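Chemist: sequence below, structure please.
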Amino acid sequence: MKLKSFKKGVHPYGGKELSKDCEIKSISAGSVMVYPLSQSIGAPAKAVVSVGDRVLKGQLIAEAGGFISAPIYSSVSGVVKKIEKRLVTNGSMVESIVIENDKTDEAVSGFGEPRNVESLTQDEIIDIIKESGIVGLGGAGFPTSVKLAPKNPLDIDTLIINGAECEPYLTSDYRLMLEKSDEIIKGIKVILKLLPNAKAVIGIENNKADAIKILEDKTSGEEKISVQPLKTKYPQGGERQLIFAVTGRKLNSKILPADKGCIVVNTASCYAVYEAVYLNMPLIHRVMTITGEAVNSPCNVDVPLGMSHSEVLEACGGAKDDVVKFISGGPMMGMAMSTLDIPVVKTSSSILAFSKDDVAMLPQSACIHCGKCVAACPEILVPQMMCKSIKTNDYERFADLGGMECMECGSCTFVCPAKIPLTQMFKLGKVKVREVQFGK
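Modeler: Got it, this is the predicted structure:
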């Protein structure tokens, strides 16, 4: 099958060979588990437990705080010790529920019990997904139940399953596609029940040939599910880029995928849908990649939500003595961590450890107007002009140049020979524009 892709983009070093052959292994929860109430796009969840309460594994501890929000469940049994602000990956302090794990793993009634899926109505399926707290596990964190209930469900003709995993070093989705392919397909079929006129296309980059093969083999008899191999190029997994590659349809920040007849769901989210609908299990764990040149034993691990990054890394063999930088997420769009005393949340995809800091080592110089950023930008923007507008505090000009279309993928920063922190500048620019437009 012909490889498909989007326009422009970059080809950073992949680093996937470090962990791609490591089968998923489970690790035990820590003694103290921390659950930030903000783990997705939208309103923070609201605690429904109090200090001193005993909770069970799979028990609701925080309800959705609004329409765009998602509930949170305990991944262990134990006692609520505190409800206080704790540090999260982006550096902010977030109200969090702290639970002391009693190590008994006593679960709520019905947890993990198989459910008769064929008898479920569309409304019941949506309610299950909503109440299970599932969000986009590819990093965006948008509540899945909201995404799967568009205003025009009959107009959705393409369900795109994002198996690109284009971020360098990450291999957790790849391992899920190899090891949990049957479950992912069942999750896809559940979602298709909600979109009667849609066919599903699983988009996978061609550097994951065995994942392409296994899913092609297992969907060969399916009329409504197919596999589309994609060119290995960053950011192939970006929602707009993926939609363009698979369907040829173009989107911008003012158009929802559903407006173009598409819905995009990550492979890990499909697996979470399977567990919720088939096995009555809310989202209380996720698969992470622990890797990088400064990791002793790169691996893919199934982690209980609420566990600290430091405990996860320790359970995986720790980091080497020469480690200088930790990143949560991929090296292109992830966030550097000054401490590992941060809880794993729904959108935590990895811990990367490096023995050198490429960003800190390279001096910044003036823009030489080489145009490499323009050639790389997948949104067809002109980063060098956007940069100039930021430096002169001309945020109206930044917006006129399409600055709000920036997806913050880091491609421009990656190719810039002057090592200008373009992506960070554009993040600031977008904040300033929103302040002017919305007064916040």
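
Chemist: residue 239 reaches residue 264, doesn't it?
Modeler: Yes - using Cβ atoms under 8 Å, residue 239 is in contact with residue 264, at 5.1 Å. In this view, the C-beta of every residue, glycine as well, is placed from N, C-alpha and C.

Chemist: quick check: neighbours shared by these two?
Modeler: Counting by Cβ atoms under 8 Å, 6 or more residues apart in numbering, the contacts common to residue 239 and residue 264 are 162, 257.

Chemist: so between these two, which is more surrounded?
Modeler: Comparing residue 239 with residue 264 by other Cβ atoms under 10 Å, the one with more neighbours is residue 264, at 25 against 21.

Chemist: from memory the more buried one sits against residue 243, does it?
Modeler: Yes - proximity of residue 264 to residue 243 meets the contact threshold set by Cβ under 8 Å, at 6.6 Å.

Chemist: where do the contact lists of the two overlap?
Modeler: With Cβ under 8 Å, 6+ apart, residue 264 and residue 243 have common neighbours 160, 257.

Chemist: ok, residues contacting stretch 127-147?
Modeler: Identification of contacts with stretch 127-147 by Cβ under 8 Å, 6+ apart yields 39-42, 64, 67-73, 120, 126, 148, 162, 173, 237, 239, 263, 265-266, 268-269, 272-273, 276-277, 281-283, 286, 329, 333, 346-347, 349.

Chemist: I should have written stretch 378-388 there, sorry.
Modeler: Contacts with stretch 378-388, where a contact means Cβ under 8 Å, 6+ apart, come from 6-9, 235, 238, 240-241, 367, 369, 371, 373-374, 377, 398, 401-403, 405-407, 409, 411-412, 420, 422, 425-426, 429.

Chemist: now a ChimeraX select for only the buried ones of the residues you listed.
Modeler: The following ChimeraX line selects those of these that are buried, judged by 16 or more other Cβ atoms under 10 Å:
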select :6,8,9,235,238,240,241,367,373,374,377,398,401,402,403,405,406,407,409,411,412,420,422,425,426,429
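
Chemist: quick one: the helices in the stretch 201-350 of the chain?
Modeler: In the stretch 201-350 of the chain, the helices defined using DSSP state H, counting those that start in this stretch lie at 209-218, 239-247, 267-279, 309-315.

Chemist: nearest to residue 98, of those helices?
Modeler: Closest to residue 98 of these, according to Cβ to Cβ: helix 309-315, at 14.2 Å.

Chemist: what about the closest one, average pLDDT?
Modeler: The pLDDT scores in helix 309-315 average 97.

Chemist: report the buried residues of that helix.
Modeler: Within helix 309-315, the residues scored as buried using 16+ other Cβ under 10 Å are 309-313, 315.

Chemist: just the closest of those residues to residue 436, please.
Modeler: Closest approach between those and residue 436, by Cβ to Cβ: residue 309, at 36.3 Å.

Chemist: report the contact partners of that closest one.
Modeler: By Cβ under 8 Å, 6+ apart, residue 309 lies in contact with 326, 328, 337, 340-344, 348, 351.
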